[in-house]
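A.B. asks: Only the shape, not the letters, is given here:
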Ligand SMILES: Nc1ncnc2c1ncn2[C@@H]1O[C@H](COP(=O)(O)OP(=O)(O)OP(=O)(O)O)[C@@H](O)[C@H]1O
Ligand code: NI
């Protein structure tokens, strides 16, 4: 069977009048049916751009210069507009992290949900769309869903608005749910309720999910597989989150883990923080050569190859498998 989603060596640049910003630098990811995959990386590492690239929905100035994306074997970068719209409305449900900004402020949430349903079911009668809107609100545990259909987004709390966004993303039963930092800014109880909901939906509908986050703790709790995103590419990946937490091999991963509470092993900082949000990406060698405390001559010369250090666990670092000081 085809993989659900495959992104292969994506290179994305943003071209503004002043400069070219390199964002994805060979991003690859595979999602199989039933997977919950975590993508973890610091702010600016390219998480949201990677998601947009995978559904071919970059902002105007962004361009996919190289690479390929396959959804159930279909070439996403060659799809016509209608197929793409269907992909984004019903096959993939993206939950962004800015609920108020993503909902139309003066359109009742019921109408927005019904519109979303109808975009995937153009022949649906109004009553059918309304029923699905109510069910979607029930699914995300919004009390009194019938009454809430008339509410405007501006009348909702942050947690409620985030639930509505999840309802929007799930109303058409997508095969792939993508949560882009879906719970940042919400308090911890609401955060786990929302992530529990996403997890339950994946199990109930046999779909798959990508959870994008800064927080390795979330990944440890909800994901089976994990990729660490650094400066636009996955630099360490494991089919098993536990294995990665125990045996993290990339200096960048180890630094992220040093700041994560409750990790089964102690790690320390091996990579300096980025000097600016807009990192300078070197043209050759390792992407992290200016920040890594272990950087040697080979790191500046050659890009590190992918090394498999345990079954299903690989890392791109010249130090992989070698003794190091820290
Ligand atoms: N439209 C754009 N024009 C120019 N640069 C952009 C544009 N969109 C994103 N970028 C740049 O791409 C990089 C990655 O952005 P992205 O939003 O994917 O980061 P992120 O990992 O999702 O961060 P965060 O955790 O803060 O959401 C950033 O350096 C950002 O400045
Ligand atoms: Ni983002």
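C.D. replies: Arrived safely. Keep in mind that what you see is a predicted model, and the values were worked out from it rather than measured. Ligands and ions are numbered 1, 2, ... in the order given.
A.B. asks: Assign residue 13 to helix, strand or coil.
C.D. replies: On the three-state scheme (DSSP: H, G, I helix; E, B strand; the rest coil), residue 13 is labelled strand.
A.B. asks: Next up, the contacts around it.
C.D. replies: 20-23, 62-63, 65 (CB atoms under 8 Å, 6 or more residues apart in numbering). Heads up, the C-betas are built off the backbone N, CA and C, glycines and all.
A.B. asks: which of those residues are close to ligand 1?
C.D. replies: 21, 23, 62 (CB under 6 Å from any ligand atom).
A.B. asks: could you dump those residues to CSV with pLDDT, secondary structure and neighbour count?
C.D. replies: Below are the ones next to ligand 1 among the contacts of residue 13 laid out as CSV (pLDDT from 0 to 100; DSSP: H, G, I helix; E, B strand; the rest coil; neighbours: other CB atoms under 10 Å):
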residue, pLDDT, secondary structure, neighbour count
21, 91, strand, 16
23, 94, strand, 25
62, 97, strand, 18
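A.B. asks: For residue 235, state which of those is nearest.
C.D. replies: Set against residue 235, the nearest of those by CB to CB is residue 23 (15.1 Å).
A.B. asks: Look up how far residue 12 lies from that closest one.
C.D. replies: 5 Å (CB to CB, to the nearest Å).
A.B. asks: Overlap of the contact sets of the two?
C.D. replies: Contacts common to residue 23 and residue 12, judged by CB under 8 Å, 6+ apart, are 46, 49, 62, 232.
A.B. asks: If you drop the residues flanking it in sequence, what lies closest to the first one?
C.D. replies: To tie it back to what came earlier, the one meant is residue 46. Closest residue to residue 46 apart from its sequence neighbours, by CB to CB, 6 or more residues apart in numbering: residue 232 at 4.4 Å.
A.B. asks: That neighbour against residue 25, yeah?
C.D. replies: Yes: the criterion here is CB atoms under 8 Å, and residue 232 meets it with residue 25 at 3.8 Å.
A.B. asks: and the two most separated of the contacts of residue 13?
C.D. replies: Top of the distance list for the contacts of residue 13 (CB to CB): 21 and 65, 12.3 Å.
A.B. asks: Contact distance from ligand 2 - what residues of the stretch 51-200 of the chain qualify?
C.D. replies: By CB under 5 Å from the ion, no residue of the stretch 51-200 of the chain approaches ligand 2.
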